[in-house]
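> the amino acid sequence is not available; the structure is as follows:
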């Protein structure tokens, strides 16, 4: 399904997603995050575990309702998935999940699962085997069951199934973290190539910065439910502005043989049910100032009082 | 026979392992020294983990191992199961990749920390408890006394891996085998765990075998680096030499496969 393109393909504005558990305080897993993905663009969303990356992805797919804020895909709001059939216009958003061992139906042949996607797109010309070929698997594998594949191959099948629905926006929620190290970079590159080739946008979520750096055009860094910095990957990598981004990058050990232990970011991620006042990063920030404890920086591209934009600039 | 070097804590000579008629290791030689971290690198399927498991006698059923694993003058491969049980967990300990699955979800941290301590060291419950609290403090778990009463799911991934390391250290082992100990963790947490491992190795004189595919991790903590390919060690040497001037073409190809760092900036 092609969607009318007005502005960015995906725009998430001030999204808040809450998790409610009886007897526990409400947890704002996503607390006012904004993000944009253009067609044909690969955006990498990074952050530590528990920062709300996956919840954001699930909200974009309609698997989680939003408490406030807006999610627009091709200009149309995303509605939460209910019992009824999904709005056909929203089948343009497809997701590849983290664990290929649980995201494929173990009792159906992979060809049949891919055919589901083709049916969704109303595609009668393509065969499931064609898609297997595109993800680098032999055509004959369409008659096999998921247990006959390795983890990397299963994830390729999951990607083929997502691509079958002709997505305009592909979302990968940690699609490589369950894979072997040698398969990770391959699968990540494959996702990038296929998404860009078909003109779709790709929102790639990962906690592995080195892989995101390989495939993403733009990078968005998330901390405790907020996007704290966005920018072109090369720029963010060369000159990270937010102290959190700096800490993340400094923690990556470099294989130079020098034996330098990577810098440690002190402290733990605070409880999202009770985030610190002011800037969410201030208890762990080495450059903390008075203003950080009182007021929350709600501007971009680096949400940090050190990088406050000129008064006239838009957020 | 003791090894020629007096610091050698564990020597693996010509280790061959076959599973179901398939050879997975074709003669691995490694020497672990006290107070040193020996890194073992290589792609998946190259036999890194199998080498680690062979040391502990934890190879899968139906596998055959030959060669020699010398620990304190005894061959671990020849040792009867009963004696191996005395060594395993007490003298040689292991930390696994995923702290979410390597800790028992239904036992308190105290139980997991004290059970093998009482078995191997023959100490009482109270003493074991005190030692357990001390261990948690050593791996820098905040509030060790309270932490003992909690269950693994109440900790974050990094904290769980710290607990798993504490469990491994409980009986004061001489050799620690760490199989991809930071692969499942965030980079910020990984940095803390690597510092912890390095510190423990220096302070306690542990001999550490660090199995990892991440050459960055290798470069940060390992003293010696061995590179494995298809069940063989293709190159061994000091960290600086292997990572900067690799002699074997395979090591070079591994290094070349890494994304090029354009002018690393210091924090």
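Received, thanks. As the structure is a prediction and not an experimental result, all values here were calculated from the model.
> for chain B, what are the nearby residues on chain A?
Contact residues, chain A versus chain B (CB under 8 Å from any CB of the partner chain): A:48-50, A:180-183, A:207, A:209-210, A:213-214, A:234, A:237-239, A:246-265, A:268-269. C-beta coordinates here come from the backbone N, C-alpha and C atoms, glycine included.
> now, those that are in helices?
A:181-183, A:209-210, A:213-214, A:234, A:237-238, A:246-250 (DSSP state H).
> just the buried ones from those residues, in PyMOL syntax?
Buried members of those, defined by 16 or more other CB atoms under 10 Å in any protein chain shown, are picked up in PyMOL with:
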select buried, chain A and resi 181+183+209+210+213+214+237+246+247+248+249+250
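> and of the ones in helices among the residues of chain A next to chain B, the nearest to residue A:150?
Residue A:150 has its nearest neighbour among those in residue A:183, at 8.0 Å by CB to CB.
> wait, that closest one touches residue A:151, no?
Yes: if you go by CB atoms under 8 Å, residue A:183 and residue A:151 touch, sitting 6.9 Å apart.
> now the strands for the stretch 1-150 of chain B?
Assigned by DSSP state E, counting those that start in this stretch, the strands in the stretch 1-150 of chain B fall at B:8-19, B:22-33, B:37-41, B:63-71, B:74-75, B:92-95.
> what residues does the stretch 1-150 of chain B have near chain A?
Proximity of the stretch 1-150 of chain B to chain A (CB under 8 Å from any CB) is limited to residues B:43-45.
> may I ask which of these has the most neighbours?
Using other CB atoms under 10 Å in any protein chain shown as the neighbour test, the residues of the stretch 1-150 of chain B next to chain A are led by residue B:43, with 19 neighbours.
> quick check: that one touching residue B:231?
No: using CB under 8 Å, residue B:43 is not in contact with residue B:231; the gap is 11.7 Å.
> what sits against whatever residue of the stretch 201-315 of chain A ends up closest to chain B?
Closest to chain B within the stretch 201-315 of chain A is residue A:257: 3.2 Å, counting by CB to the nearest CB. By CB atoms under 8 Å, 6 or more residues apart in numbering or on different chains, the contact list for residue A:257 reads B:219, B:239-244.
> all helices for chain A, in order.
A:53-61, A:110-120, A:128-134, A:151-164, A:181-197, A:209-215, A:233-238, A:243-250, A:290-294.
> can I get those helices in JSON lines with mean pLDDT?
Formatted as JSON lines, those follow (pLDDT from 0 to 100):
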{"stretch": "helix A:53-61", "mean pLDDT": "90"}
{"stretch": "helix A:110-120", "mean pLDDT": "93"}
{"stretch": "helix A:128-134", "mean pLDDT": "93"}
{"stretch": "helix A:151-164", "mean pLDDT": "91"}
{"stretch": "helix A:181-197", "mean pLDDT": "85"}
{"stretch": "helix A:209-215", "mean pLDDT": "88"}
{"stretch": "helix A:233-238", "mean pLDDT": "93"}
{"stretch": "helix A:243-250", "mean pLDDT": "91"}
{"stretch": "helix A:290-294", "mean pLDDT": "89"}
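> which stretch among these comes nearest residue A:40?
Each of the helices of chain A has some distance to residue A:40 by CB to CB; the shortest is helix A:181-197, at 5.9 Å.
> helices or strands next to the closest one in the packing?
strand A:42-46, helix A:151-164, strand A:169-173, strand A:201-205, helix A:209-215 (3 or more CB pairs under 8 Å, 6 or more residues apart in numbering or on different chains; DSSP states H and E).
> report the contact partners of residue A:60.
Residues near residue A:60 by CB under 8 Å, 6+ apart: A:10, A:12, A:71, A:73, A:78, A:93, A:169, A:171, A:203.
> hang on, I meant residue A:16
Residue A:16 makes contact with A:28, A:30-32, A:66-69 under the criterion CB under 8 Å, 6+ apart.
> for stretch A:263-271, give me every contacting residue.
Contacts for stretch A:263-271 (CB under 8 Å, 6+ apart): A:48, A:50-51, A:223-224, A:247-248, A:250-251, A:276, A:280, A:283-284, B:156, B:158-159, B:188, B:191-192, B:195, B:267.
> same check on stretch A:97-104?
A:54, A:96, A:110, A:113, A:146, A:151, A:154-155, A:157-158, A:161, A:173-175, A:177-179.
> list the contacts for residue B:163?
Applying CB under 8 Å, 6+ apart, we find residue B:163 in contact with B:99, B:103, B:109, B:112-113, B:136, B:139, B:141, B:147, B:152, B:155.
> list just the nearest of these to residue B:181.
Nearest to residue B:181 among these, with distances taken as CB to CB, is residue B:99, at 8.6 Å.
> on that earlier part again, hmm, which of the contacts of stretch A:263-271 are the buried ones?
Members of the contacts of stretch A:263-271 classed as buried by 16+ other CB under 10 Å are A:48, A:50-51, A:223-224, A:247-248, A:250-251, A:276, A:280, A:284, B:156, B:158-159, B:188, B:191-192, B:195.
> re the thing from before, by neighbours, which of the contacts of residue A:16 wins?
In these, the most neighbours by other CB under 10 Å go to residue A:30, 31 neighbours.
> surely that residue touches residue A:15?
Yes: using CB under 8 Å, residue A:30 is in contact with residue A:15, at 5.4 Å.
> residue A:28 reaches residue A:225, doesn't it?
Yes: counting by CB under 8 Å, residue A:28 touches residue A:225, with 5.7 Å between them.
> quick check: neighbours shared by these two?
Common neighbours of residue A:28 and residue A:225, counting by CB under 8 Å, 6+ apart, are A:272, A:275.
> can you list contacts of stretch A:300-310?
Identification of contacts with stretch A:300-310 by CB under 8 Å, 6+ apart yields A:34, A:226-231, A:241-243, A:245, A:279, A:281, A:287, A:289, A:291-292, A:295, A:297, A:299, A:315.
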